[in-house]
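Novice: The sequence and its predicted three-dimensional model are supplied below.
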Amino acid sequence: MDPRLTGLDLKTSLSALLDLVLPRVCLVCGRPLLPRERHLCTECLADLPETRYANLAHNPMADRFNARIRVEEYEPYAYAAALFHYRADAGYKKIPQALKYHRDFAAGRWAAHMLGERLAASPLYADVDLVIPVPLHWTRRWRRGYNQAALIAREVSRVLDVPCAERALSRRRRTRSQARLAGRTERAANVEGAFAPGRRRSGRADLSAARHILLLDDVFTTGATLAACHDALRRSCGPQVRISVATLGVVGE
Ligand SMILES: [Zn+2]
């Protein structure tokens, strides 16, 4: 082999060859990707509508979330961050959709990694010691085969270098898909009391030591699902524990 052909060149050549057989396209605009591009073309990546919320303790998402969680007495303010603005009429919605509906795990991990990097670079999230995904009801998980929030949470926990407690919460009853419910009140009623701390002792042990928990989901719409998870966690954590939230996309603003 030509010694000038480095491992990287070989990998690029192989991926270019693979592109001929199975063309990879940009998730957002559908254009064929160049060999060095991953998931998004350079233009769509440059135009990603990032929120920059990870560095802002008070931002529209955090204010909306704190307004809907039940604050008993004194509780630390819940931080909230999303990687990008999710709009129904923009192509960027295809990033979480690729993971949720099309089993594009590589794209999901890639976006979750980027979210993790934004959180890791922020002092607000420096003391996060546990990551927990929004659970799916076991019947839905069984049908889909995976929980997209767990995949995001695992990648974020890797970047932050903290444990991910996938079974710390469980979904006790089946709920209708939030995506099919339009109203804020309807969405809240749908998930009210749907979550509870996991039954497994390992999950509870993780919770007892945590001081700053980060709840993960794919998209923040009204915050009803994450607020219901927050309430369930709060019942097993002391009031001094901060419970923050992070998602790939946030609707609104
Ligand atoms: Zn594109």
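Specialist: Everything's here; your move. Note that the coordinates shown come from a computational prediction; the quantities given were computed from them, not determined experimentally. Numbers count the residues shown, from 1 in each chain.
Novice: Please count neighbours and contacts with C-alpha atoms only from this point.
Specialist: Fine.
Novice: and Ala82, how far is that from Asp218?
Specialist: To Asp218, Ala82 is 9 Å away according to C-alpha to C-alpha, to the nearest Å.
Novice: what's the overlap in contacts for these two?
Specialist: Shared contacts of Ala82 and Asp218, defined by C-alpha atoms under 8 Å, 6 or more residues apart in numbering, comprise Thr247, Leu248, Gly249.
Novice: Does the second one belong to a helix, a strand or coil?
Specialist: It refers to Leu248. Look at Leu248: counting by DSSP: H, G, I helix; E, B strand; the rest coil, its state is strand.
Novice: per the record, what domains does this structure have?
Specialist: Per automatic domain parsing, the domain ranges recorded for the chain read 1-47, 49-251.
Novice: Give the rounded mean pLDDT of the first one.
Specialist: If I follow you right, that is domain 1-47. For domain 1-47, mean pLDDT is 82.
Novice: How about the contacts made by the residue of the stretch 51-200 of the chain found nearest the ion?
Specialist: Nearest residue of the stretch 51-200 of the chain to the ion, counting by C-alpha to the ion: Gly91, 8.8 Å away. By C-alpha under 8 Å, 6+ apart, the contact set of Gly91 is Leu27, Val28, Cys29.
Novice: For Thr175, see how far away the first one is.
Specialist: In this structure, Leu27 and Thr175 are separated by 29 Å, where distance is defined by C-alpha to C-alpha.
Novice: what about these two, which has more around it?
Specialist: Leu27 (22 against 16; other C-alpha atoms under 10 Å).
Novice: can you pull the contacts of that one?
Specialist: His39, Leu40, Gly91, Tyr92, Lys94, Ile95, Ala98 are the contacts of Leu27 under C-alpha under 8 Å, 6+ apart.
Novice: Give me the contacts around stretch 226-235.
Specialist: Stretch 226-235 is contacted from outside by 65, 68-70, 134, 169, 188, 191-197, 215, 217, 220, 243, 245, using C-alpha under 8 Å, 6+ apart.
Novice: could you redo the last one with a cut-off of 6 Å?
Specialist: Defining contact as C-alpha atoms under 6 Å, 6 or more residues apart in numbering, one finds that stretch 226-235 is touched by Ile69, Glu192, Phe195, Ala196.
Novice: Narrow these to those that are buried.
Specialist: Ile69, Glu192, Phe195, Ala196 (16 or more other C-alpha atoms under 10 Å).
Novice: for the stretch 1-150 of the chain, what spans make up the helices?
Specialist: Using DSSP state H, counting those that start in this stretch, the helices of the stretch 1-150 of the chain run over residues 7-21, 42-46, 60-68, 94-102, 105-120, 138-144, 148-160.
Novice: Make a markdown table out of the ones you listed and add distance to the ion.
Specialist: Formatted as a markdown table, these follow (distance: least, C-alpha to the ion, whole Å):
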| stretch | distance to the ion |
| --- | --- |
| helix 7-21 | 16 |
| helix 42-46 | 4 |
| helix 60-68 | 27 |
| helix 94-102 | 11 |
| helix 105-120 | 14 |
| helix 138-144 | 28 |
| helix 148-160 | 22 |
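Novice: closest one to Ala182 among the ones you listed?
Specialist: Minimum separation from Ala182 across the helices of the stretch 1-150 of the chain (C-alpha to C-alpha) falls at helix 60-68, 16.9 Å.
Novice: how distant is the one helix or strand Ala196 maps to from the center of its chain?
Specialist: Here Ala196 sits within strand 195-197, counting by DSSP states H and E. Computed by C-alpha atoms, centre = their mean, to the nearest Å, the chain-centroid distance of strand 195-197 equals 19 Å.
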